Every structure is written in structure tokens, then in C-alpha cells.
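# Return a 3D structure for these sequence lines:
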Amino acid sequence: MRVPLFLLLLLLLPPGGSAQFPRACAQLAALRSRTCCPVWEGDGSPCGERSGRGRCRASRGPGVGGRDFRLGWPTSFYGRTCACRGRFSGFDCGECRDGYRGSDCRRWVLTVRRGLHEMDRAQRRRLVDYLARAKATVSPRYVVLISRNASDVGSYRFRDASVYDVCTWVHYVAAKPISTRRRPNFAHMGPAFAVWHRRYLLFFEKEIRHLTSDEDFHLPYWDWTRAAACDICTDELMGANDEDGYLLPPSPFASWRVRSRPSTPPTKPQPRLPPKHKPLPDSAFPPYLPERPSLTAWRPQSTGPSPVAIEWNESQGWHP
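Reported below is the predicted structural model:
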């Protein structure tokens, strides 16, 4: 039986390697040397080698990529990465493998996911608060690549992104077409769908735990068969919407803005929407909602990232 390429690549991905870039590995020195072996703060050594957590070694991967860097991740960018031992994981081997907890990752924890219908009001409020915080907090751990040319180190551009947006970027990158939109990609329309999204949710949960220091956080599930209508479309949870489908205040999600980068500029002006379809202005939202973080992008520098201001252009995307 032949294994589809996109499923094979999924199985070859190392723990913590989900096509996102650790800040330490977005430096010019790391990119030019093709080495992503960050120092673990716990012992001051690359990959936590002094503590026996891992070591820096040649990356395992298909070794191909060409114009599509996903086909050779992580070897499209790095020839050496952290190889974590035993119960350790993460880009610097500073985390525990899924299911383990504690400073030495020796405590095994069995996770039983709860349904939203089983959560009390305080637990639901905590879920919404964590998601709102993730959207408003720039990730201290990762940056995202926004270059059009991923094969030239000198052309790389990285951008700060919120914790939530880093997670959505991982999904966006995996879901982009490999050949055509009608054929399977790395995350959808094939046997990798369930496995890839299981791994993706584990990554999302870890980033929320890093942000909140809440080791007990897990995403609940929604059993939509229990209700005749959308029982999570309330201000307490995902937000109520108007007749046109727009979320309404006071839901914190109503203030979220989507930022995307089209692959090519539109060829003709976009039609104007009727007034009733326009998104609500910022002034319509309560003042207690978290402000959107200021976003910066930079070119890799030999002495570290040097942020420069960028501006958003609706047709072109992010540009310095």
C-alpha cells in the first residue's frame, strides 16, 4: 500500500515542528548557518544538552522542497535542529511531550476532554478570556514568515503575530494548495485530516498554557447534536450575531480583525457592500476590550531582529 506524500510528511515532522519559526531561529546567523538549536533557559545550553534533554543534530526530513518549503520542512530552512530525548519536546527541548507534566516531565496526566455543556459559567468565562488574551498578546515564542520568496535567505521577512494568530497561521500554511485547490493539501481532503488536526489542537493548547500558566487548560468539545439551534452563539460563549451573520458586542470576538495576505493583488476593484453589511466601527465596542497589539516586521539582522514599522494595504498585504 502506498502512503500519500502529505501523510508521510506529517509523520516525519519532529515534535514541535509545525512550520512556525521560533524567534531565536529567525536571526540571520541561524538562517545562514541553517541551524535552529536555541538555548534552553533552564541550563543555558543548546537544546538543554547539559540536562540530557536533547542535542543539536542533523534535521530529519524528506530533504526536498524546491518552491514549496512545506515539502522539505524543516530541512528547507534548517539542516540542524534540536532532537529531544524521551519525555522532552519543543524547539529547545524545554517542554514536555504531550501527556507529561512537571519540571522533569515525569508526571503522566491522562486528559479527558469535557463538553461545553458540562462546563459551569466560570469555566466558560475562563475559556473566552483565554482566547481573548491570546488574540491580544504578541507571541514571545514565535514569528511568522511573510516573504513571497522562501528560497532566498536575504529576502526573508518575519512578522510579529499574536499567540492566536500564530496558531491560525500554522493552519493557513498547511491548508494552502499543493497543486490545485481541488486536490488534497497537507491538512484537508485526505487521510491526514484527523491526525493533522489532532496534532494541531495539541499545539494550540500548549501555546495557551504558555500564555496563561494554566497547566490544566484543555479545549472542550461542542456536541452540536444536543441542541436544535446554535447554543454556543451567545454573548457568554462564541457571541451572538445579527441577521447578516456579524458578531455583536459585548462578545470580545466581535472586535477581532482578520489580517490576510493575498497571493496576488485583485485585478479589479472590489464591490462596495451595502451599509448594513459593513463591520461595526471600533467605537461601537466597549472600552474594556483588549487593544490590538501593534505589529512589526523585520529583516533578519546579524545582531538580532531589528523591528521596522510596516503598514497594512488591503490589496497588497503587509509591506515594510
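
# contacts, neighbours, all on C-alpha from now
Noted.

# Tell me how far M238 lies from A58.
From M238 across to A58, the span is 44 Å (C-alpha to C-alpha, to the nearest Å).

# Between the two ends of stretch 104-122, how far is it?
Taking C-alpha to C-alpha, stretch 104-122 runs 31 Å from one end to the other.

# just stretch 37-51 next, same as before
End to end - C-alpha to C-alpha - stretch 37-51 spans 15 Å.

# when you give positions from now on, start the count at 633
All right, first residue 633 from here; so that's stretch 669-683.

# and that stretch, which residues are buried?
Within stretch 669-683, the residues that count as buried by 16 or more other C-alpha atoms under 10 Å are C669, P670, V671, W672, S677, P678, C679, G680, E681.

# what about M870 and A690, which has more around it?
Remark: of M870 and A690, M870 carries more neighbours, 17 against 14, as counted by other C-alpha atoms under 10 Å.

# about what we covered before: which of the buried residues of stretch 669-683 sits closest to Y762?
Comparing the buried residues of stretch 669-683 against Y762 with C-alpha to C-alpha picks out W672 as the nearest, at 26.1 Å.

# Enumerate every residue touching the closest one.
P678, C679, G680, D724, C725, G726 (C-alpha atoms under 8 Å, 6 or more residues apart in numbering).

# OK, contacts around the third one?
In other words, G680. Listed by C-alpha under 8 Å, 6+ apart, the contact set of G680 reads V671, W672, E673, G674, G686, R687, D724, C725, G726.

# Equivalent analysis for E727, please.
For E727, the contact set (C-alpha under 8 Å, 6+ apart) comprises F720, S721, C737.

# Let's see that with 6 Å instead.
Neighbouring residues of E727 by C-alpha atoms under 6 Å, 6 or more residues apart in numbering: F720, S721.

# Likewise for R841?
So R841 contacts E847 (C-alpha under 6 Å, 6+ apart).

# so which strand or helix has it?
helix 824-844 (DSSP states H and E).

# Name the residues of that helix that are buried.
For helix 824-844, burial by neighbour count (16+ other C-alpha under 10 Å) applies to A824, W828, Y832, F835, F836, E837, K838, E839, I840, R841, L843.

# now the last one, nearest residue through space, not along the chain?
Take L843 and drop its neighbours on the chain: the residue closest to it by C-alpha to C-alpha, 6 or more residues apart in numbering is A766, 7.3 Å away.
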